[in-house]
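1. Mind looking at a prediction? Sequence and model below.
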Amino acid sequence: MFGILNSTLLWALAAVAVPIVIHFLTRRKLRVVAISTIAFLKRLERENIRRLKLRQLLLLLLRMLIVALLVLAFARPTLRQQTSALAERARATAVIILDNSMSMAAAPDGVPLFSLARKHVQSIAGMFASGDELYLITAAHPAKIVAGSPFLESEKLVETVSASPQTWANTDLAGAFALARNILSRSRNVNRELYLLSDGRAALSAQAPELPGVRAYALRYDDAGNNNLTLSNVALANQIFERGKSFEVVATVANASASDAQNQLVHLYLNGKRVAQQSVDVPTGSQRAVTLRAVPDSAGFVNGKVMLEDDALVLDNTRYFTFHIPRQRRVLAVSERAEDLAYLRAVLQEDGADGIAAQAWKEIETKNFSAERLENYEVIALANVARFPEGMATRLLQFMNGGGGVIIFPGSEVDLRHYNETLFAQTNFGAFGETLGSLEERENFFKLGQIDFSHPLFANVFEKNAKGPQIESPQFRFAVQLRMNPGTKSVMDFANAHPFLVERQIGRGKMLVFTSAPDARWSDFAFKGVFAPLLHRSVAYVMQSNETQQESARVGDELTTILRVPAEEVSVELPNAERLQAPVHVVGQNYQVRVQETGLPGFYTLLNKDQVLRKWAVNFSAEEMSASVLAQEKLAAALGVKEVVELSKDGDLRASIESARYGSELWRWFLLAAIIAMIVEMLLYRGSATETSSRDDKNSGAATRARATTFVG
């Protein structure tokens with residue numbers, strides 16, 4: 001469709017009449033020549049008069065055409081596909097979606113894509129007049145409207161865009177589109193436009209209803225994956241961490257670039273010190289797992305990170321993890337009599353290599369349990385506890401929900417039905433059943449059968465050999481059958497397939513139940529080499545709650561923890577060393593802390609004054625880097641528009657938008673046509689003038705000859 005941008009200049013087309021006026025004012029006057037006869041002139045007139053008038057008419061038309069073409073060239077005619085009210089400069093509503101997600105930090109040519117996008121937003125904003133409604137939506141999850149209201153002055157929008165931060169979050173195009181559709185559908189302005197500045201790495205599934213009258217434009221930055229490796233995941237291979245004991249970290253490296261990556265170094269750091277590295281080859285379009293091993297040399301919270309070498313996108317080259325190695329594990333041992341704890345005491349009160357016991361051990365009788373403050377302990381061990389006093393089962397459940405661990409050993413005085421009806425019923429653990437074997441028949445015994453050696457209890461305990469891990473089985477004379485409910489897992493079984501060691505996750509804590517006692521009458525379990533390490537690691541395992549190593553926390557996730565001890569001044573230290581107050585909420589008999597400001601990857605430290613209570617590791621989500629680039633048709637369907645016009649980010653952006661908005665401008669062609677018409681007019685005029693002069697000479701000669709003939713006659 002043909003259109004005019006500067007329609008106010010069309011009045012100048014009246015100048016087309018100027019050549020007509022000039023033509024009539026400057027018409028050539030005929031000279032009067034006295035002759036005796038006009039026979040010769042009449043013959044010339046018949047030959048030339050028609051051609052003369054035709055040329056004069058052509059010259060007049062060319063001059064009128066030149067004036068019209070010049071006027072139209074200045075009026076900027078366009079050839080556009082759709083009508084647009086913007087040419088008439090009615091009020092406009094424009095929504096600009098700026099992708100400030102992690103992938104936009106890529107700098108394949110040394111300049112971050114997000115920096116280019118901000119400059120382009122500033123150029124777009126300059127195309128709108130004062131009074132137009134300009135909305136800015138940032139597309140990093142969660143998408144939001146910046147300032148919550150429209151900008152009526154483009155200068156304010158430019159200032160805001162300049163201060164917009166780069167984030168580590170995923171792209172939330174679905175949320176951004178929903179906000180944009182809501183704004184544009186409610187706008188009463190005739191002109192409504194949407195601009196998307198993104199690399200298009202996002203997930204869109206739904207097709208939105210049609211949004212009539214809206215023109216959509218997209219600036220695509222689609223080279224974020226060039227020459228880039230992504231550290232997509234870091235997983236801790238085991239869940240028990242001890243000072244001086246090796247542990248494994250499995251790092252996954254993904255290659256989304258167009259070329260293979262060879263001999264890329266993967267580095268492992270503990271508390272800021274590099275402790276391991278390994279090279280890896282990653283073919284294009286694939287991922288590889290790398291196992292790194294290290295030995296922590298200190299207790300307390302350990303900060304770990306895995307890093308790749310710098311590439312086009314630095315933000316996806318680092319992942320963090322953290323775990324806690326207690327200097328001492330605080331254990332509360334509960335029994336009916338002190339002799340029930342003899343073997344547990346001998347193992348767990350043993351001094352470590354530094355002369356300090358690995359466990360801070362306290363023994364109490366069952367009747368005194370209600371007087372204990374359970375928040376002072378990480379592990380509670382029950383040995384031959386006959387029955388639970390009133391409220392004890394409930395307190396044990398709350399203790400485990402808060403992250404504590406419980407280990408249960410049966411005994412000759414245990415009331416199995418009472419356990420089933422109280423603690424096991426409240427935890428949905430299962431139920432004790434019939435007994436196995438006999439305390440009287442010492443010659444009859446059974447041994448261990450299937451063992452889950454992949455369980456963290458056995459990780460890095462056995463030396464690898466061709467036959468696999470081997471355990472010298474105790475001889476069991478007596479045990480209790482256990483029927484497990486769904487969610488309860490067996491770690492070790494007897495040879496008759498009945499479970500010997502069973503675990504269940506309860507809230508943030510764990511419960512381990514042995515079905516045979518460390519009692520010489522029941523078995524020789526306490527005298528075998530497996531007893532001491534299994535008991536040590538059981539204590540370590542049940543207190544290693546799922547909060548201790550929250551490496552799966554992502555940017556934007558809420559962090560929560562339960563404090564069993566009241567805290568006075570709780571704060572959280574962010575990865576940038578900023579401290580924020582953390583409100584504490586009472587939940588039952590515990591205290592809950594929530595941290596919502598998790599916009600940065602790194603370590604978040606929960607403090608009570610200067611005492612470290614907890615640490616979290618927060619990482620970026622690798623989903624965005626593995627997402628494919630969305631096609632224009634899918635963008636249009638998700639927005640509800642007929643098409644999304646793709647703009648070039650190179651060259652004059654304003655001209656590209658105007659061309660897309662109004663169509664192709666034709667003023668250059670009109671100006672060229674005017675110049676060509678001038679040249680033709682000039683050539684035609686010169687030819688006409690030459691011919692007129694020649695004709696005058698001929699006419700003069702003819703007149704002279706006529707006079708001479710008359711004189712002679």
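-> Arrived safely.
2. just the helices in the stretch 551-700 of the chain please.
-> Under the criterion DSSP state H, counting those that start in this stretch, helices of the stretch 551-700 of the chain are mapped to 623-626, 632-639, 653-662, 667-712.
3. Tell me which residue is most central in the chain.
-> Centroid check for the chain by C-alpha atoms, centre = their mean gives residue 170 as the closest residue, at 1.3 Å.
4. If I look at residue 583, what pLDDT would I see?
-> Looking at residue 583, its pLDDT is 86.
5. give the contact list for it.
-> Counting by C-beta atoms under 8 Å, 6 or more residues apart in numbering, residue 583 touches 570, 593-594. Every C-beta, even on glycine, is put in place using the N, C-alpha and C of the backbone.
6. Of those - the most surrounded one?
-> residue 593 (21 neighbours; other C-beta atoms under 10 Å).
7. Show me where the protein has its helices.
-> Ranges of helices in the chain, per DSSP state H, are 17-25, 39-75, 113-125, 154-162, 173-186, 342-348, 392-401, 416-421, 423-427, 531-543, 623-626, 632-639, 653-662, 667-712.
8. Lowest average confidence across these, which one?
-> Looking at the helices of the chain, the bottom one is helix 667-712 with a mean of 67.
9. Run through the stretch 101-250 of the chain and note the low-pLDDT ranges.
-> The stretch 101-250 of the chain contains residues with pLDDT under 70 at 223-226, 237-238.
10. My error: substitute the stretch 401-550 of the chain in the last question.
-> For the stretch 401-550 of the chain, the stretches with pLDDT under 70 are 460, 462-467, 545-550.
11. Contacts for stretch 12-19, please.
-> Outside stretch 12-19, the residues that touch it by C-beta under 8 Å, 6+ apart are 60, 63-64, 67-68, 71-72, 74-75.
12. Let's have these in TSV, adding distance to residue 24 and neighbour count.
-> TSV is the format used below for the contacts of stretch 12-19 (distance: C-beta to C-beta, whole Å; neighbours: other C-beta atoms under 10 Å):
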residue	distance to residue 24	neighbour count
60	10	16
63	13	20
64	13	18
67	16	20
68	19	18
71	21	19
72	25	23
74	27	15
75	27	19
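13. out of the contacts of residue 583, which one sits closest to residue 255?
-> Nearest to residue 255 among the contacts of residue 583 is residue 594, at 37.3 Å by C-beta to C-beta.
14. My guess is that closest one contacts residue 585. True?
-> Yes: counting by C-beta atoms under 8 Å, residue 585 is a contact partner of residue 594 at 7.2 Å.
15. List the residues that contact residue 217.
-> 193-196, 644-647, 657, 660.
16. Please repeat the previous calculation with a cut-off of 6 Å.
-> When contacts are counted by C-beta atoms under 6 Å, 6 or more residues apart in numbering, residue 217 touches 195, 645, 647.
17. Number of residues surrounding the nearest residue to residue 367 once chain neighbours are set aside?
-> In this structure, residue 367 finds its nearest non-sequential neighbour in residue 389, 6.6 Å apart by C-beta to C-beta, 6 or more residues apart in numbering. For residue 389, the neighbour count with other C-beta under 10 Å is 13.
18. Tell me, what's the model's pLDDT at residue 389?
-> In this model, residue 389 is scored at 94, pLDDT.
19. Angles on the backbone of it, please.
-> phi -60, psi 170 (degrees, to the nearest 10).
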